[in-house]
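**Q** predicted structure and sequence below. I'll ask about it afterward.
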Amino acid sequence: MERVDYVICGDYVLTMNDKMDVIREGAVAVRGTKIVDVDTEAALLNKYAPGTLLKDKDRAVLPGLINTHTHAAMAYFRGLGDDLPLKDWLEDHIWPAEGKWLSPEFVSDAVELACLEMLKGGVTTYSDMYFFGDSAARATKKIGMRAFLGAGVVDFPTASGKNADDYLKNAERFINDWQGDGLITPCIAAHSAYACSPETLKKIIATTDSLHTQRHIHLSETEWEVGEMLSKYGKRPAVYLSGVGFLNENALAAHCVWLDDEEIEILAMRKTGVAHCIESNLKLASGIAPVPAMLRAGVRVSFGTDGAASNNDLNILSEMSTAAKVHKAISKDPTVLDSKTALLMATRWGADVLGLGDRVGSIENGKAADIITINLKKPHMMPLYDIYSHIVYAAMASDVENVIVNGKQVLNNRNLITADENEILEKAAEWGKKISGINP
């Protein structure tokens, strides 16, 4: 018998491959960082001798979920200035807090908390837009997650830079230092078309093209943003960004709430991926992105949580459920955004929009072993008729039991293996006291 590191068994193995194969009484064999076989449990246990066998009744095995837009370190601002319009929330609460507290130590500690939360919800890859990327990268690797880290660029000073050229210099150094890492993919994240001048955007385009990496941006998140761009440039945001050359297959646009038909066609033509952040958009009353229209046009749409400061969690299972239901309601069509499509958006399509489709997002031979198991033996999960429906409409983050990232188990029966969970939580509590002004 061949030796492998893991065999992961489940009543259902949802491969999320092109054929959407579901293997009943299935299993996945892992050696090193890769998936080496996917078949029935009986076939694999007759062929392989695993170092670790993950086998329980009433379990589903899935590819790890992918969060394509967040600001992980903002987990420390969770609940700060809630129930306010986006502009007031940012200008009166978030930006002052960042100005006072943002530092490499803050980012490192907060990213550990965010990674812990995401792993416990089955997220194995996240795409981030923030500052102090080295701190975020080291914390993410310590926890054992996969991340697409965007070095933030704006035209105004913050704790991590003085101006656009300063941010871009740091971003280029960050990319060169981390490119080729097994878990961290560095890129550049322009905040938005209104926070970055045309000259800044063109510099970002030139840098990402020369370094062969992606670029991210907030796009049409609010109605105010559309008005601002029309006032400044006489063009709607996606039309403007297309005109300066920002949108292509290596660009990821977050939110995309206030798109018109022309802009949807532009995203489809430019092959630009979209991160749909419905819960953040609902909470901030920004609006609801036209996802069914984007899907019909051929735009590849994925799920993001946005930061925990505006969500207030990092739960992709919840994003799937909310999005599928809300789009049914507003379209008055219960067939819109069905459960299979929603799970594709959270897995394979999420990998595709990040340019990682050849590595993660599905359970297939040769792909990286990013795998989760979900406990189906829960009151809210029984009886079971349709596994896709159950995962999208009934599963909770607390149902995730085991998580493997890049062939290494990081969550075992909901216990973090790679770091001290209590220490992460205690640091979060201490930071919370400092930020709220409570003396220890």
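**A** Cool, the structure landed. All values derive from a computational prediction rather than experimental measurement.

**Q** hang on, Cys187 in a strand?
**A** Yes. Counting by DSSP: H, G, I helix; E, B strand; the rest coil, Cys187 falls inside a strand.

**Q** that one reaches Val153, doesn't it?
**A** No. Using C-beta atoms under 8 Å, Cys187 is not in contact with Val153; the gap is 10.9 Å. Bear in mind the C-beta positions are built from the backbone N, C-alpha and C, glycine included.

**Q** ok, now how distant is Thr341 from Ala49?
**A** Counting by C-beta to C-beta, to the nearest Å, the gap from Thr341 to Ala49 is 38 Å.

**Q** higher neighbour count, these two?
**A** Neighbour comparison, Thr341 and Ala49: the larger count goes to Thr341, with 20 against 11 (by other C-beta atoms under 10 Å).

**Q** excluding sequence neighbours, find me the nearest residue to the more buried one.
**A** Distances taken as C-beta to C-beta, 6 or more residues apart in numbering place Leu295 nearest to Thr341, at 7.3 Å, with adjacent residues excluded.

**Q** correct me, but that neighbour touches Val301?
**A** Yes. Leu295 lies in contact with Val301 (C-beta under 8 Å); the separation is 6.1 Å.

**Q** so if I had to pick from the two, which one is more boxed in?
**A** Val301 (24 against 20).

**Q** quick check: buried residues in the helix or strand Ile266 falls within?
**A** Per DSSP states H and E: Ile266 is located in helix 261-270. Of all the residues in helix 261-270, those buried under the rule 16 or more other C-beta atoms under 10 Å are Glu263, Ile264, Glu265, Ile266, Leu267, Ala268, Arg270.

**Q** still on that earlier bit, and the residue nearest to Thr341, which of the three is it?
**A** helix.

**Q** list the contacts for it?
**A** Val301, Leu337, Thr341 (C-beta atoms under 8 Å, 6 or more residues apart in numbering).

**Q** from those residues, which land in strands?
**A** Those of these mapping onto strands are Val301, per DSSP state E.

**Q** turn the contacts of Leu295 into TSV, columns for pLDDT and distance to Asp11.
**A** Formatted as TSV, the contacts of Leu295 follow (pLDDT from 0 to 100; distance: C-beta to C-beta, whole Å):
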residue	pLDDT	distance to Asp11
Val301	98	29
Leu337	97	26
Thr341	98	23
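
**Q** what is the nearest of the contacts of Leu295 to Thr158?
**A** Val301 (30.1 Å; C-beta to C-beta).

**Q** which residue sits closest to Met129, ignoring its sequence neighbours?
**A** Ala189 is the one closest to Met129 (C-beta to C-beta, 6+ apart), at 3.8 Å.

**Q** what sits up against the lowest-mean-pLDDT helix or strand in the chain?
**A** When the helices and strands of the chain are scored by mean pLDDT, DSSP states H and E, helix 86-89 comes last with a mean of 82. Helix 86-89 is contacted from outside by Gly81, Glu221, Thr222, Trp224, Leu284, Ala285, Ser286, Ser310, using C-beta under 8 Å, 6+ apart.
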